[in-house]
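*Asks:* Attaching a predicted model along with its sequence, questions to come.
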Amino acid sequence: MFTSLPRSVRRRALPLAAALLALAGLLVWWLVPFGPKSPSGHITFSTGVPTGVYQRYGELLQKALDRDLPHVSISLTDSEGSQQNLDRLATGEADFTVATADAVAQYQRDRRPGFERLRGCARLYDDYIQLVVPKGSPVQSVADLRGLRVGVGQAGSGVRLIADRILAAAGLTPDVSITPVPAGIDTMPKLLEQREIDAFFWSGGLPTQAVQALSERLPVRLVPMDATLVRSLHDVGESTRFYRAAVIPGDAYALAQGGNPVETLAVANILVTTDAADPDLVEGFTRTVIGSRDRIGSQVHPAQLVDLRTAIYTEPLPLHEGARRYYRSAKP
């Protein structure tokens, strides 16, 4: 027994025993992981058309996620836009995506497959509706598009959804009053330059690189869309209440606007996943989205508008539990 040893021996043994206990504790701490387990696995993030804001945002976010979630491999996949992105989530082709609030609401209203499984992670930045025409065009309002060839976005895009609604609100029948051209932002500027279309709609953050680059090659301008259109859109139904009157600042596209602000509509973008996503992964993903705002925003201006105070408002989607966990931990 330890107590039967001489007192002098016990005095010498006590520090040694304490040291051994400390060493054992250190080994346990090193060998046995404590705290939350780091997420791992492979996920797919559905973005948007090449040269669009979704695509560039996704590329930069991927780099941030590689740093913050080292055990998670992330693949990006192009898409036509919001509507196709939601389809991919619902069918399991993608794990995370970005979609506009109006597209989400329409998906729910149509009760598309998997609509009840969609969950929000964060409200991101607003998309601004942009109607681009050559500077010398006679088009002064949406109603003036009658009889013209108009780029309206691809079938699976949020652009197509809002373009059809704006045309109808202005008294035009989308497939009758105009010649709709189903092209994306990756091709519409070139089509306008080559005079294969007379105008195009785009819904994106400010400034959108493709529109900026076009304004540097071709004299173009933005057609205003006033609050009357917003009121007409709100009369359509529940899924259109997410549009709001907005103003494109005069310096968004300096060459196209001559420093003048332009009235338009805006709609929020939401980072979306499903209820099947791992809460630890969603928590880490959401943390990176908020934490990387300034780094990404230095290259993609709309990302500067991601705000912790408003990110939690993902209506019409309920928050995913993992995102809710992050916002609780991030409270000041």
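*Replies:* Here it is on my side, so go on.

*Asks:* Who is the spatially most central residue of the chain paired with across the strands?
*Replies:* In the chain, the residue lying closest to the centroid (C-alpha atoms, centre = their mean) is residue 98, at 3.7 Å. For residue 98, the beta-bridge partners are residue 271 (DSSP bridges).

*Asks:* need the contact list for it.
*Replies:* Listed by C-beta atoms under 8 Å, 6 or more residues apart in numbering, the contact set of residue 98 reads 47, 48, 54, 57, 58, 82, 85, 124, 269, 270, 271, 272. C-betas here are computed from N, CA, C, even on glycine.

*Asks:* And the helices in the stretch 51-200 of the chain?
*Replies:* Listed in chain order, the helices of the stretch 51-200 of the chain (DSSP state H, counting those that start in this stretch) span 53-68, 82-91, 101-109, 158-169, 188-193.

*Asks:* May I see these arranged in TSV, with mean pLDDT as well?
*Replies:* Formatted as TSV, the helices of the stretch 51-200 of the chain follow (pLDDT from 0 to 100):
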stretch	mean pLDDT
helix 53-68	92
helix 82-91	95
helix 101-109	95
helix 158-169	95
helix 188-193	98
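
*Asks:* closest one to residue 318 among the ones you listed?
*Replies:* For residue 318, the closest of those is helix 101-109, at 11.1 Å, according to C-beta to C-beta.

*Asks:* Check the gap between residue 108 and residue 243 for me.
*Replies:* According to C-beta to C-beta, to the nearest Å, residue 108 stands 16 Å off from residue 243.

*Asks:* Between the two, tell me which one has more neighbours.
*Replies:* A direct count of neighbours by other C-beta atoms under 10 Å for residue 108 and residue 243 places residue 243 higher, at 25 against 17.

*Asks:* so the more buried one touches residue 235, yeah?
*Replies:* No: between residue 243 and residue 235 there is no contact under C-beta atoms under 8 Å: 11.4 Å.

*Asks:* Now list whatever residues contact both of these two.
*Replies:* Counting by C-beta under 8 Å, 6+ apart, nothing touches both residue 243 and residue 235.

*Asks:* who touches residue 208 in this structure?
*Replies:* 52, 53, 130, 185, 202.

*Asks:* if we go to 7 Å?
*Replies:* 53, 185, 202 (C-beta atoms under 7 Å, 6 or more residues apart in numbering).

*Asks:* Identify the spatial nearest neighbour of residue 179, chain neighbours not counted.
*Replies:* residue 149 (4.5 Å; C-beta to C-beta, 6 or more residues apart in numbering).

*Asks:* Could you pull up the mean pLDDT of the longest strand that the chain contains?
*Replies:* In the chain, taking DSSP state E as the definition, the longest strand is strand 118-134. For strand 118-134, mean pLDDT is 96.

*Asks:* burial of the residue nearest to residue 179, as a residue count?
*Replies:* Neighbour tally, residue 149, other C-beta under 10 Å: 17.

*Asks:* was I right about it contacting residue 197?
*Replies:* Yes: in this structure residue 149 lies within contact range of residue 197 using C-beta atoms under 7 Å: 4.6 Å.
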